[in-house]
Structure formats: structure tokens, C-alpha cells
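# Task: produce atomic coordinates for the following.
(chains A and B)
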Amino acid sequence: MRRIISVLLENEPGALSRVVGLFSQRNYNIETLTVAPTEDETLSRLTVTTTGSDKVIEQITKQLNKLIEVVKLVDLTEGSHIERELMLVKLKATGSQRAEIKRTVDIFRGQIVDVTSSVYTVQLAGDSEKLDGFIQAVGTSGVLEVVRTGVSGIARGEKVLSL
Amino acid sequence: MELLSGADMLIRSLQDEGIEYIYGYPGGAALHIYDALFRQDKVKHILVRHEQAAVHMADGYARATGKPGTVLVTSGPGATNTITGIATAFMDSIPMVVLCGQVASTLIGEDAFQETDMIGVSRPVVKHNLSVRHPEEIPEVIRKAYYIASTGRPGPVVVDIPKDMTTPNERFEYVFPKKIKLRSYNPAIRGHAGQIKKAVDMLMAAKRPIIYAGGGVILGKASDQLTELVRMLGYPITNTLMGIGCYPASDKQHLGWLGMHGTYESNMAMHHSDLILCVGARFDDRVTNATEKFCPGARIVHIDIDPASISKTIDADVPIVGPVDAVLKEMITLVKESKDKPDADAIASWWKQIDEWRAFHGMRYENSGDTIKPQEVIETLCRLTNGEAYVTSDVGQHQMFAAQYYKFDKPNRWINSGGLGTMGFGLPAAMGVKLTHPDDEVLCITGEGSIQMNIQELSTCKQYNLPVKIINLNNQALGMVKQWQDMNYESRHAESYMESLPDFIKLAEAYGHKGVRIEKKEDLETRLKEVLAMKDDLVFVDIYVDRFEHVYPMQVARGSMKDMWLSKTERV
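Model prediction:
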């Protein structure tokens, strides 16, 4: 099952490599990984999406917690949560394609952020399925380049991951 | 205000940390530190002949004393040579701090001479590693390193020290922090009271209980509490290879150790139990055999300081995260106060069954021929040393024979590489023990394969006068490899022979020690007595043992705990 694990990590050199190393060392799977400092500059927030049985996920969270630099973590998929991923995609856009792409971008509530005579660059945010859906809708033949940030997530309601 | 250089701060921090010995080897990036060592005499340095041995020495010291060991090496090859030793300590959760020199911070990343990314290289085999980024941090980094290494589930910590952090030209104010607090590291200090209560209720209701104890009991200094609880309950106890000595082996409630080469009775009792109380063990694959067939009727209570050890391979019904000594103490109190008592009839018939298993096998071996049996060597040594020696071992058949036939009644006396299975561990580990236990008998039980992996340390033994006794069970082959080839590869002995063994007696003499060869069965006891009487000498005892002997019992691969070979021909 797919899980989103959110981690507060000491913002120190080498801390990220421990997290990444742990996944490869114990044969766990990383699908996406995002990391950036938080409003408290001593802390980084890292979001990792992974798949595995309940037993594997339990081990992943326990092993992550064992890393000295991991301050706190939460499995967001255990409760209701919001997940977002940002995608920038460069599309071939000439002739009649231009209007069609514009319409599709509007339907997906994306924005065209750069334009040339033959290329649109589209920005799109949403959960991973929505981004996949957009690519499917415009058709892979017109896609020149895709860059995705990986998933960031946050719990709904009052729940907060902080010190 | 006291101003010190980085190197002097480092050594002063070690003094303030109460470190007695450093095991190490100098080199370019560590020279400022070595100079600071030279200018003091509180911390003693032991010069090994290979960095791997320094780590095993620190490890042996840590296992025998319960205190963290300390290693000092230079950058590059000095640092990478420690990796096997660090991994050995990591697998067995041994507290240790490894101080590594590093090229100057201005050179890092430039492939400088003797530069290796030690933080990266060591990362998968350390509990944590730290690098020094400013000389002023040194006292805090050192304090932190020992704190992390020796608390919670212990383990090795590497400290990487770029050469410019220790330069004598810059001096800083020295302040040794009294306390260390890490917001991200807070090991449990007691178990969950509700879970402990539940566990005690289950213990009282059990009909076929067994206690399964591991190295965590020794590391957690909880042998007394464990012994008290087990005696109070009157239940059978088995332990892992790492847990040997956590409960007296000569006690009638002790079934011996369990797992791949464990006793018949302990494996049978585990398989047929209805309740397993696991204390500081981790259901390792060499214990459980096939996990899906593991102890089908048993409910499991698992006490461990490391939550990740619980339900990793075998699911626990009642997990208890906490230090074993504190949890056992609470259990003892609850058992004393409990209105329920163990079911005397059920426990009596459980013991009757166990005694039948014991009588059926009971660690017998065939000893009618003319050749010296390795088991007999160990039994003789155990008798001659009253079971009181510190015994280190290498890895292979001799290790299993030593663990099976030497009866340890005390913790910290059986010292082996259980998790990683590192050949070459035995001699340096024995040296680490002997250094701090000069009046105790220290035996290194080894084989002609393993001993050659760190034999250069005979030179260190001479320099520091470490009269350990090396018991070489010489079967002229890599015995355990050969046993597996006999059992699984139709006796095709691929590369398991050593056809050019050195003359170990001359070798020992060349290093300035004594050598004794024993080839005849009838000489065994008298010669060993003579050897043990040579108190001031390191004696290399080369004993020619039966070349064809196998270690039994041996669990059948992919079977349950109860599926075992009891000899070359008996399978149950």
C-alpha cells in the first residue's frame, strides 16, 4: 500500500543521506522524496512516499525514528490529509494543438507559465493522480519534458507535526 | 580561562570522559592528536599492528567491562581498515567510539592524499557518526559520541576529525559539557506499566512457558534481575549465542542455548511452548529457522530497548519497549504481589517433558577413537579453569564447540562475533580483555583459518605483555565451510582446505612467545595443565583435532525449530 511519511529532520549536513541510505540499505522503496527547511531553520521537513505491507511500513517508521537526526515523524496516510505535487511540463504546441492544450490546462486548473511559437510550458499542482491524469489527457506524444517535485503532504484539521 | 588546541581538547575530553585506553595506529591526519597524547599520561594508547585489530580490541574491552571502547586511527586506509571491526560491533550492539583523522577541511572533496569519506563509508554500520566542523566543538562532539554510543541500544559511533581542527597553532577555551541533551534522541527509561502487567498475567497463566534471553540482558546489565525472576517462576530458560552467561549455565533451569547449533532440549522446548518471554533478543534468523514455522503454539512477550527489534521478524503479542533491567525489576515486583501463582501441575508436566528431551540428547558426541575431539578440548579447558575464564572466539566450528561445551555461569565472559561472524576477532578481543583483567585467565579459542586473519597482533601482545592463551583447534580445514559442503554440496570441498599451514609453534616463537603442540589424546589434559600454569607467557597451543567432526545439533535448513540433525546420521 502507498504511504506518505512526513519527517522532521535536524537541518544538518549528512542528515538526508542517512534517510536515503536507510531505504536502500534495508531494501525499502522510495517513490518520491521532497525536502526543504521549515520556518524553524534548524529543522528540515522531508516527505517520502513509499509502498509496502503494514509490517514493512512499521519497520520503516521505526528505523527512521532510530536515526539520531530524525526528530519526529508521522504516517500521513493513517489519517485524512492533503497531498500536493507540483509539475512543470513542456508541451509541443503548434497550430490547432494550441487551443486544445489551453482548454485542457484550464480544465485541470493549471497555468501556462511560458510560451514560444512552438512550445507551452505548463504548471500544474495537485495530487499525483491528477498530474498523471493531465499527462494522459494531453497525450504523451506531445510531451517534451516533465519535471515533478514529488509529494508534499500535511494532515487535515488540528493535527500538526511540530516540536 | 584555559586555552587549548583542538588536539589537546580532544585528549582532555577523553580524560574527562574517564577513558582509560585507546587502541590505535598513527598516521598523517592524526599526528596532532598523537602529539597531544604523547604530552599526557592519563589516557594510555595501545599500538596495534592493523587498525581492524584496534577495533576488535576496543570491542573485547567493551564486552568484558560494559564500558565503551575507544579507537584512534588516521584518515583514508587507517579509517577504512576499521570498517569490519565497526560492523562487528554494530551487529552486536557494542558501545564504542572510533576517532578518525581526516584530511584538512580545506582539502575535503579534492581527492587529497589519504582522503576517504569516512562519514559516508561508515554510515550503514554505525549507530551514528559525527564530524568536527570547528575546533571549539570538540568537547561537545566527544561527549555526544560517548553518550550516543553507550545509551539506549548501544553501538559504535564514528567521529571524523579534519586535521586543521587539531592544529596546535589555534587555541580555544576548553569547556567540557556536564550534560548532553538531544531533542531527537531519547531512549526509553522504563517500560509501559500496562504492558508489563499484561505480560505478568500471561506468565502466570502459561502452561508451557519458556524464557528466551539475549545479548541485551548482558548489555543492559540485567543478569541479576533475570536470574531472580526466572528462579522465582521456576520456568525453563534458554538464551542466544550472544546471551551466553546472562543466566548460569550450570543451573538446572537452564536448557543451554538455542537456534541453529543450540541444544536439542532448548529448540524442542521453544517449539512446543505456549508462551515465550523474550528478553533482549531479536529473533535472528540463526535462532528462528524458517519464520513461518516458528513456534506455532506460542504467544510472545518481547522486551527490548530498541522498538525496531520488536515484530521485525516475528510478531510480538505483547511488545514492551524499555531497558531490560527496569522492566524485569517491575515484573519481579508484580510477580511477588500477584494473587495468581503459576499452574504447578502444568509446569511439573512441562518439566517432565523437557527432562525427557534432555535425556534423549544432552550434548553427546562420539569420543571413542584415537583422535582428539574438539569438544573434548573445550570440556577439558572448562574443567581446568573451573568455568571461570574469559573466552573469546573466532568464527566457525571452534566457536560453536566453545559455546556449547564451555559452561559460563557469569555474564561478560563469553566474547564472540555473533551477528557479523567476523573471523580474526578472537585474538585482538582477547587482548582487549587481558589488558584490563591481567589476573584472570583469558582464552582465545580459534581455528587455523581464523587466527591467521589477525595473527600480526602477536607482536602487540609482546609489546604490552598480554599473556593470553591461544587455543588453536587445528583441523587443517575451514571446518564450518567444509561441514556445509559435506551436508549440502556432496562433500565437494571447494577452497576449504589450507594446504600450506605455517608451523604455528615457530611462528609464536618468532614473535617472542611460547608454542605447544598437542597431537595425542592421552597428552591433552596434562599438556593443557602445563599451558595454564605458564601464567606469564602467551602460549600458542596448536591442537590437532579430528578433521572430520561436524557441529551438532544442527537445525535443518528452512525447517522449524524442532527439525534438527543430531549427528551425521540422526535427523529428528
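
# The strand or helix carrying B:G101 near chain A anywhere?
Per DSSP states H and E: B:G101 is located in strand B:96-102. No - with Cβ under 8 Å from any Cβ of the partner chain as the criterion, chain A is not reached by strand B:96-102; the gap is at least 13.5 Å. (Each C-beta comes from the backbone N, C-alpha and C, glycine too.)

# Just give the strands next to the lengthiest strand in chain A in its sheet, each with its orientation.
Counting residues, the longest strand found in chain A (DSSP state E) is strand A:81-92. Its sheet considered, strand A:81-92 pairs with strand A:119-126 (antiparallel), strand A:143-148 (antiparallel), strand A:152-155 (antiparallel) by DSSP bridges.

# For B:F176, give its distance to chain A.
Distance, B:F176 to chain A, by Cβ to the nearest Cβ, to the nearest Å: 21 Å.

# what mean pLDDT would you report for the longest strand of chain A?
Per-region confidence: strand A:81-92 scores 97 on mean pLDDT.

# just to revisit the earlier point, could I get the strands paired with strand A:81-92 as CSV with mean neighbour count?
Converted to CSV, these look like this (neighbours: other Cβ atoms under 10 Å in any protein chain shown):
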stretch, mean neighbour count
strand A:119-126, 18
strand A:143-148, 13
strand A:152-155, 19
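
# Adding mean pLDDT as columns, could you present these in TSV?
Shown next, in TSV, are the strands paired with strand A:81-92 (pLDDT from 0 to 100):
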stretch	mean pLDDT
strand A:119-126	98
strand A:143-148	97
strand A:152-155	97
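
# Please identify the one among those that comes closest to B:K127.
strand A:152-155 (29.6 Å; Cβ to Cβ).

# send the alpha carbons of that closest one over as PDB?
The C-alpha trace of strand A:152-155 is given here as PDB (Å, rounded to 0.1, in the frame of the first residue of the first chain):
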ATOM      1  CA  SER A 152       4.400  17.100  -0.100                       C
ATOM      2  CA  GLY A 153       1.700  16.500   2.500                       C
ATOM      3  CA  ILE A 154       0.000  17.800   5.600                       C
ATOM      4  CA  ALA A 155      -2.600  16.400   7.900                       C
END
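
# Mind jotting down where the strands sit in chain A?
So, for chain A - with DSSP E - the strands run A:2-10, A:32-37, A:43-51, A:70-75, A:81-92, A:111-115, A:119-126, A:143-148, A:152-155.

# Any buried residues in the first one, and which?
Meaning strand A:2-10. Across strand A:2-10, burial judged by 16 or more other Cβ atoms under 10 Å in any protein chain shown covers A:3-10.

# and that strand with strand A:70-75, angle?
Orientation of strand A:2-10 against strand A:70-75 (axes from the mean of the first three to the mean of the last three Cα atoms, to 10 degrees) gives an angle of 160 degrees.

# again with the fifth one
Taking the same axes, to 10 degrees, one finds strand A:81-92 and strand A:70-75 inclined to each other by 90 degrees.

# which residues touch strand A:81-92?
A:4, A:32, A:76, A:101, A:113, A:118-128, A:131, A:134-135, A:138, A:142-156 (Cβ atoms under 8 Å, 6 or more residues apart in numbering or on different chains).

# top helix in chain A by residue count?
Counting by DSSP state H, the longest helix found in chain A is helix A:54-66.

# Need the single longest helix in chain B, by residues.
helix B:344-360.

# So what's the gap between that helix and the chain middle?
Centroid separation for helix B:344-360 versus its chain: 32 Å, with Cα atoms, centre = their mean, to the nearest Å.

# Tell me which other helices or strands it touches.
helix B:264-272 (3 or more Cβ pairs under 8 Å, 6 or more residues apart in numbering or on different chains; DSSP states H and E).

# and B:V301, what helix or strand is that in?
strand B:299-304.

# who's in contact with that strand?
Contacts for strand B:299-304 (Cβ under 8 Å, 6+ apart): B:153, B:191, B:199, B:202-203, B:216, B:274-282, B:309-311, B:314-322, B:324, B:327-328.

# Filter those residues down to the ones in strands?
Using DSSP E, the contacts of strand B:299-304 in strands are B:275-279, B:318-321.

# Export those to JSON lines and append columns for neighbour count.
Listed next are these as JSON lines, based on neighbours: other Cβ under 10 Å:
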{"residue": "B:L275", "neighbour count": "23"}
{"residue": "B:I276", "neighbour count": "26"}
{"residue": "B:L277", "neighbour count": "30"}
{"residue": "B:C278", "neighbour count": "26"}
{"residue": "B:V279", "neighbour count": "30"}
{"residue": "B:V318", "neighbour count": "21"}
{"residue": "B:P319", "neighbour count": "20"}
{"residue": "B:I320", "neighbour count": "27"}
{"residue": "B:V321", "neighbour count": "20"}
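
# hmm, back to that, show me what the next helix or strand after the strand holding B:G101 packs onto, helices and strands only.
Remark: after strand B:96-102, the chain's next helix or strand is helix B:118-122, criterion DSSP H and E. Applying 3+ Cβ pairs under 8 Å, 6+ apart, we find helix B:118-122 packed against helix B:77-80, helix B:83-91, strand B:96-102, strand B:128-131, strand B:156-162.

# Around chain A, pick out the residues from chain B.
Close to chain A, as judged by Cβ under 8 Å from any Cβ, chain B has residues B:119-120, B:123-124, B:127-129, B:131, B:148, B:182-185, B:306-308, B:311-312, B:315.

# and the residue nearest to the spatial centre of chain B, what pLDDT?
By Cα atoms, centre = their mean, chain B has its centre lying nearest to B:N416, at 4.3 Å. pLDDT, B:N416: 98.

# circling back: the longest helix of chain B to helix B:264-272, inter-axis angle?
Using the same axes, to 10 degrees: helix B:344-360 against helix B:264-272 is 140 degrees.

# buried set for the following helix or strand past helix B:344-360?
Downstream of helix B:344-360, the next assigned helix or strand under DSSP H and E is helix B:374-384. Of the residues in helix B:374-384, B:374-382, B:384 count as buried by neighbour count, 16+ other Cβ under 10 Å.

# what helix or strand does B:L241 sit in?
With DSSP H and E as criterion, B:L241 is part of no helix or strand.

# so how far is chain A from B:I180?
For B:I180 relative to chain A (Cβ to the nearest Cβ), the value is 12 Å.

# what secondary structure does the closest residue to that residue other than its chain neighbours sit in?
Of all residues beyond its chain neighbours, the one nearest B:I180 is B:Y147 (4.6 Å), with distances taken as Cβ to Cβ, 6 or more residues apart in numbering or on different chains. What DSSP: H, G, I helix; E, B strand; the rest coil gives for B:Y147 is helix.
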